[in-house]
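>>> Sharing a model that was predicted from the sequence below.
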Amino acid sequence: MSVIVVALDLSSDMQPVLSAAEEQCRGLGCGMVLATVEPMVLSAAGVGVEELKQEVEQDFANDVGLIHELAGSVAEKGIQCRAVILEGEPSNGILKVAEKLNARMIILGSHGHSPLFDALIGSASPAVIHRANCPVMLIPLH
């Protein structure tokens with residue numbers, strides 16, 4: 001079955017992105033893969049402050065629980081859905097999973113920042129748009 005990769009940062013309002021993805025999956029008759037990209041969690045192992053290490057590990061565990069909960073709620077609506085948690089740089093992770101799964105489409109949220117903001121602070125959207133081998137749908141998150 002073909003899939004749509006839905007990239008979630010888990011820190012924003014994800015409902016517009018999930019709603020658009022559900023609509024596309026129903027229209028295309030395909031499944032959904034929810035993907036989130038975590039920073040290099042394993043690098044926290046060398047941190048000397050135990051509280052910081054525990055906080056990073058707890059944040060990761062919370063994100064794992066949340067994305068699996070979201071996948072379950074999508075599946076309850078009759079759409080085949082699974083969750084993947086990637087590690088590293090967001091655009092690379094999103095593109096790799098989309099390529100590996102031969103995704104029909106990538107859907108991700110956009111905060112609508114300027115190109116200067118994206119260049120200085122970073123954003124996965126421009127890199128995904130420029131390098132994706134499939135259509136990309138941006139959902140505004142205002």
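Everything's here; your move.

>>> going forward, measure contacts between C-alpha atoms and count neighbours the same way
OK.

>>> quick one: the residue most central in space within the chain and Leu138, what's the gap?
Per Cα atoms, centre = their mean, the C-alpha nearest to the average position across the chain is that of Ala7, at 2.4 Å. According to Cα to Cα, to the nearest Å, Ala7 stands 10 Å off from Leu138.

>>> Pull up the overlap in contacts between the two.
Taking Cα atoms under 8 Å, 6 or more residues apart in numbering as the contact rule, Ala7 and Leu138 both touch Ile107, Leu108, Gly109.

>>> Wait, a strand at the second one?
Yes: going by DSSP: H, G, I helix; E, B strand; the rest coil, the assignment for Leu108 places it inside a strand.

>>> Show me what it bridges to in the sheet.
Leu108 forms beta bridges with Ala7, Leu138, as assigned by DSSP bridges.

>>> residue contacts, it?
Val6, Ala7, Leu8, Val17, Ser125, Val136, Met137, Leu138, Ile139.

>>> pretty sure the fifth one contacts Asn92?
No: when contacts are counted by Cα atoms under 8 Å, Ser125 is not listed as touching Asn92 (10.9 Å).

>>> Comparing these two, which shows the higher neighbour count?
A count of neighbours by other Cα atoms under 10 Å puts Ser125 above the other of Ser125 and Asn92, at 22 against 17.

>>> Tell me the pLDDT of the closest residue to that one other than its chain neighbours.
Nearest residue to Ser125, sequence neighbours excluded (Cα to Cα, 6 or more residues apart in numbering): Ser110, at 6.8 Å. Here the pLDDT value assigned to Ser110 is 77.

>>> Could you measure from Ser110 over to Pro16?
11 Å.
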